[in-house]
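> mind looking at a prediction? Sequence and model below.
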Amino acid sequence: MNTKPATATVDFGKSAVSRYIQLATLFKRRIESGQWPVGSQIPTVDELAIECGVARATIRQALDQLEKENLIERFRAKGTFVRSRPQEALWCAVATDWSGLLRPSHDARIEILTDQRDRDLPDLPYMIGNAAPKYRHLNRRHWREGKPFLLTELYIDERLSDRITQNDLETKTALRLVADVPGVEIVDAQQTLTIRSADMDMAKALDIAINAPVAFVYRRAVDQTGTAVLVAEGVYRGDVVRFDVKLR
């Protein structure tokens, strides 16, 4: 028996995120919350289109996304049924304390995409400290369970490069890369979080839909000389990341 749809029309506001992505997120929440239990039949495309105030093609796109993630199953002449609940977002729990930020994600693998030396630091947001003369510029991709969950872009003070090994680059978090260098004392650090949507390149690299939600985390670290020894940006898949904030 179909789950009775709500009567209120979904308000999409002025979000840049595609409507079908917003709807896919909404439907996933219904499955996750138990409103659409595993094994139950969900409303028809026509019913969802009326409820959400969108075209049937948009509903089909949203359901295509859920089917791709093995959350629903469609049967000709029978309807669409919930197959499983969304995977709990535990691939990566992003810490907000200093010690937590130094710990790598459990069972994560780091892939180095690019590694360039003696680069100038571009004009980047949320800067603290003074720029070093030159930087080592790296792009890395983090994997877990065979799937990518994080893209990182790092600028590390070039003068520290000879004290950072290849193994360090493939195993350590951005902040640990500089914090572990002998003689470097981190006296100031900043982390800034923003929520955006994935562009074409991000979507391809993280194996997600274009305009899917992603979390941007900017990290800056300043040493005892006042130099910004690390300027980093991370882009996390919104469906597999969790941010824990300790209030007391």
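Good, I have the coordinates. Numbers count the residues shown, from 1 in each chain.
> give me the mean pLDDT for the lengthiest helix in the chain.
Ordering each helix of the chain by length in residues (DSSP state H) puts helix 19-33 first. The average pLDDT within helix 19-33 is 87.
> list the helices and strands that helix packs on?
Helix 19-33 is packed against helix 56-68, with contacts defined by 3 or more C-beta pairs under 8 Å, 6 or more residues apart in numbering; DSSP states H and E. The C-beta positions use only the backbone N, C-alpha and C, and glycine is treated the same way.
> relative to the whole chain's centre, how far out is the helix it packs on?
Offset of helix 56-68 from its chain centre (C-alpha atoms, centre = their mean, to the nearest Å): 22 Å.
> quick one: buried residues of the helix or strand just after that helix?
The first helix or strand that comes after helix 56-68 along the chain, using DSSP states H and E, is strand 72-75. By neighbour count on 16 or more other C-beta atoms under 10 Å, the buried set for strand 72-75 is I72.
> stretch 200-209 now?
202-203, 205-206, 208-209.
> from those residues, which land in helices?
Those of those lying in helices (DSSP H): 202-203, 205-206.
> just flag the most distant two among those.
With C-beta to C-beta as the measure, no two of those lie farther apart than A203 and A205, at 7.5 Å.
> so, low pLDDT: which residues of this structure?
1-17, 87-106, 248 (pLDDT under 70).
> which residue of it sits farthest from its center?
Distance from the C-alpha centroid of the chain, by C-alpha atoms, centre = their mean, peaks at A77 (37.5 Å).
> SS state for it?
Classification of A77 by DSSP: H, G, I helix; E, B strand; the rest coil places it in coil.
> what sits closest to P213 if chain neighbours are left out?
Excluding the flanking residues, the one nearest P213 by C-beta to C-beta, 6 or more residues apart in numbering is G238, at 3.5 Å.
> picking up where we left off before, next one: the residue farthest from the centre of the chain from V38, what distance?
A77 is 22 Å from V38, where distance means C-beta to C-beta, to the nearest Å.
> my read: L71 touches S84, true?
Yes. Contact criterion C-beta atoms under 8 Å: L71 and S84 qualify, at 5.9 Å.
> more neighbours: which of those two?
L71 (22 against 13; other C-beta atoms under 10 Å).
> and that one, what does it touch?
Shown in contact with L71 (C-beta atoms under 8 Å, 6 or more residues apart in numbering): 28, 31, 82-86.
> and if we set it to 6 Å?
Residues in contact with L71, defined by C-beta atoms under 6 Å, 6 or more residues apart in numbering, are 31, 84.
> distance check, it against V241.
On the measure of C-beta to C-beta, L71 and V241 end up 19 Å apart.
> before we move on, what about A209?
16 Å.
> show me where this protein has its strands.
72-75, 79-82, 92-94, 109-119, 135-144, 147-157, 186-197, 213-223, 228-237, 241-243 (DSSP state E).
> in CSV: these, plus distance to P43.
Output for the strands of the chain, formatted as CSV (distance: least, C-beta to C-beta, whole Å):
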stretch, distance to P43
strand 72-75, 12
strand 79-82, 9
strand 92-94, 33
strand 109-119, 41
strand 135-144, 34
strand 147-157, 30
strand 186-197, 27
strand 213-223, 24
strand 228-237, 28
strand 241-243, 30
